[in-house]
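1. based on what follows, work out the 3D shape:
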Amino acid sequence: MNYKHYILIIPEIRISLVTNMITLRNTKLVVTALLAFFLMSSVFIGTSWNSTNITNAQLYEGRHSLSSASSIIIDGTISTDEWSTAQHKVQWYMDADPENSDGYNYMYLDEDPYNLYIALDLCSDQTNDESGEWVGLWLNTNETSIYDFEFNPPIEWEAALDKGMESLLHDVENDKTIEFFTNSEIGADNVRPSEWIVVNGTIEGSQSEIFSDDEIYLNMTSEFNGTHHVYRLDLDIDFYDSFPIFEDMYVEQVQRVRFWYRSEHNISINEHFMSVSDNLGDLNPDINFTMGTGTSEVFNYVEIFRENFTSGSNLRFSMNGVNDLPFNTSFDFMQYDIYVNQTTSIGGSSLYPYTSISNYDIAWSYGPTENNASDHRSFEIKIPKSELEGYEMDTPLGIIVGGYGTLSSWPGTHNWVFANSKLTGIPEEDSSQYNNYTMPMKGWTPPSAPVLNAISPDPDPDGNVLVTWNDNAAVENWTVYRHSSEITELNLALATVIASGLTTDQYNDTGLSDGTYWYAVAATGPFGYSYLSSSLSVTVEFPATTPTTTTTPPPSPIDQQLILILGGAGAAILLVIVIIIARKR
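-> As a prediction, the model looks like this:
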């Protein structure tokens, strides 16, 4: 506000004579005279001003939060509120065992930009028993075409894992991913050696000579090494050659190797033993198994355990003969057996309980749902799309679900499966057995979160802050937030939306006062989901100003004359009044 002040100053007037007269006459007279004087010579101060109207910008404070990733809570309870808008609700009929109920069961499929959601409402499974229970699903994310004969190793399926084929198997009883291997050993197929490494001596014959006890021999003839006549025949077993599927996993589970042999010599010899060699050919001095030294046929075996293998992936047997005279050793039979931990058998037929999806959430419950008022088993599963390598392709999603509960989808078992047509076993190796569903977001890549550009200048001198960020063609619009502290998804509801629906990658925030302000931007994609940027701050500091001193100018000559005239007139009137009163007395 601007103020103008008018002040009337009355100069000092000497009236000692009048005062003395008043004092002599009457004290009341003095009071009356003084009052009259001050009334006549009073100065009225008038004030006038011009006011400027101040309009405060009313900031829109409506709260805007990021779109929810999903309303689905993975707690095993399939509620109408969570799944009523699912992309797919599929039913299939199950012929359950006598303890349960024949009827329809349901699968729900839903998604958001980040996750795939699957719910299984097993209305037929009406016995709450988790003993031995498991649940599994197999996915085909990019229409991979595979086929293998039933009960043979599904080599094509294994080769396509993490390239479109995915799998998840969960042990309900122990609440963990099903382990591929058990702690129980099983022998691999009997293997007849086909290649040998001759270190000393000479060999005659081939693999066919050691197939059976037929008196057709593989022969080793000794050589002189300078001190003795010796032979050495090595057999290198590469474990990778023994497994057609999941080779790395199987090789790590090899526990022992048993080597069978049937041999004899043309003469008795001094030494005949088996050892283990390293890959450079040096024998392990701690491994020395005695083999027959006479002319009679010996049939026996030796076992080498994992701690004595040549390496983690191979074992090199070494057969050695030593004698003072030349000799010949004949082999009528050779075979080795590899003992490996057995895989977990699921579904009565599948021996490959492989889980390619390592990161997932799963929960189950036992109770009623909207589909069936009786208590029954339900599952909810959430899988991050980052686990599904083929999900970025615009193709249908193929799925097979199955498990073990208290159902009998095929005779004599409690296993169940929902596939395209097959009623028994887990047909993961056959792409034609997957049920296919169109998912709206499949093949769509969510926009990346906005990246704020550095706010400049900082500090800001005028309260006008320009916030800018990177553009993204996949974004429909942006929302700008401001807050007194760093903005995260956790405190986003407390931040102020200062602009929304922006289609340009900048916003000018004006009219700010001194202080520190934090900004963040959320990008909204075509499906309505938002992605929050990181948060940046700027400090507003107005430059300090130097106070100005206002000096009252001296009265102009005209003002001084006016003051003298008014002051003199007042004194004259007072004198007249005093004289009149005195005469009347």
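
2. helices along this protein, start to end?
-> 16-25, 27-40, 80-83, 155-160, 247-252, 557-584 (DSSP state H).

3. tell me how far the third one lies from the chain's centre.
-> Read it as helix 80-83. Once both centres are worked out by Cα atoms, centre = their mean, to the nearest Å, helix 80-83 turns out to sit 24 Å from its chain's centre.

4. which residues touch Pro446?
-> Taking Cβ atoms under 8 Å, 6 or more residues apart in numbering as the contact definition, Pro446 lies against Pro113, Tyr114, Ala474, Gly525, Tyr529, Tyr531. All C-beta spots, glycine's among them, are computed from the backbone N, C-alpha and C.

5. burial measure for Gly205, as a count.
-> If you count neighbours by other Cβ atoms under 10 Å, Gly205 ends up with 15.

6. quick one: residues contacting it.
-> Tyr217, Leu218, Asn219.

7. who's the residue nearest the centre of the chain bridged to?
-> The C-alpha lying nearest the average C-alpha coordinate of the chain belongs to Pro384 (Cα atoms, centre = their mean; 7.2 Å). Taking DSSP bridges, one obtains Asn115 as the residues bridged to Pro384.

8. how close does Lys382 get to Arg262?
-> 59 Å (Cβ to Cβ, to the nearest Å).

9. between the two, who's got more neighbours?
-> More crowded of Lys382 and Arg262, by other Cβ under 10 Å: Lys382, with 22 against 19.

10. how many neighbours does the spatially closest residue to that one that is not a sequence neighbour have?
-> The shortest distance from Lys382 to any non-neighbouring residue, by Cβ to Cβ, 6 or more residues apart in numbering, is to Asp361 (4.3 Å). With neighbours defined by other Cβ under 10 Å, the count for Asp361 comes to 14.

11. would you check that Asp361 makes contact with Phe379?
-> No: under the criterion of Cβ atoms under 8 Å, Asp361 is not in contact with Phe379, lying 11.1 Å apart.

12. roughly how far does the residue nearest to Val198 when sequence neighbours are not counted sit from Ser485?
-> Distances taken as Cβ to Cβ, 6+ apart place Leu233 nearest to Val198, at 6.1 Å, with adjacent residues excluded. In this view, Leu233 and Ser485 are 77 Å apart by Cβ to Cβ.

13. who has more neighbours, the two?
-> More neighbours surround Leu233 than the other of Leu233 and Ser485, with 23 against 13 (other Cβ under 10 Å).

14. in contact with that one, which residues?
-> Contacts for Leu233 (Cβ under 8 Å, 6+ apart) come out as Trp196, Ile197, Val198, Val199, Gly201, Ile203, Met220, Ser318, Met319.

15. next, give me the two most distant ones among the residues you listed.
-> Pairwise distances among the contacts of Leu233 were taken by Cβ to Cβ; the largest, 14.2 Å, belongs to Ile203 and Ser318.

16. if you count what's nearby, which of the two comes out ahead?
-> Taking neighbours as other Cβ under 10 Å, Ile203 and Ser318 compare with Ser318 leading, 23 against 15.

17. quick one: the more buried one and Arg232 touch, right?
-> Yes: taking Cβ under 8 Å as the definition, Ser318 is a contact partner of Arg232 at 6.3 Å.

18. overlap of the contact sets of the two?
-> Counting by Cβ under 8 Å, 6+ apart, the residues touching both Ser318 and Arg232 are Val199.

19. if we can go back for a sec, buried among the contacts of Leu233? Make that a PyMOL selection.
-> The buried subset of those, as determined by 16 or more other Cβ atoms under 10 Å, is captured in PyMOL by this line:
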select buried, resi 196+199+201+220+318+319
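
20. from His229, how far off is the nearest residue to Asn323 once chain neighbours are set aside?
-> In space, and not counting its chain neighbours, Asn323 is closest to Ile269: 3.8 Å by Cβ to Cβ, 6+ apart. Distance of Ile269 to His229, computed by Cβ to Cβ: 8 Å.

21. which residues do the two both contact?
-> Val322, Asn323, Phe327.

22. run a quick neighbour tally on the nearest residue to Ile146 once chain neighbours are set aside.
-> Distance criterion Cβ to Cβ, 6+ apart; nearest residue to Ile146, sequence neighbours excluded, is Glu156 at 4.0 Å. For Glu156, the neighbour count with other Cβ under 10 Å is 17.

23. residues touching Glu156, list them.
-> Ile146, Tyr147, Asp148, Glu429.

24. residues touching the second one, list them.
-> With contacts defined as Cβ under 8 Å, 6+ apart, Tyr147 is in contact with Glu156, Glu429, Asp430, Ser431, Ser432.

25. spatially, what comes nearest to the second one if we skip its sequence neighbours?
-> Using Cβ to Cβ, 6+ apart and skipping the chain neighbours, the partner closest in space to Glu429 is Pro154 (3.3 Å).

26. got it, and the last one?
-> Counting by Cβ to Cβ, 6+ apart, the nearest residue to Ser432 once its immediate chain neighbours are dropped is Asn420, at 6.5 Å.

27. test my guess that that neighbour contacts Gln433.
-> Yes: shown here, Asn420 and Gln433 form a contact pair, counting by Cβ under 8 Å, at 4.7 Å.
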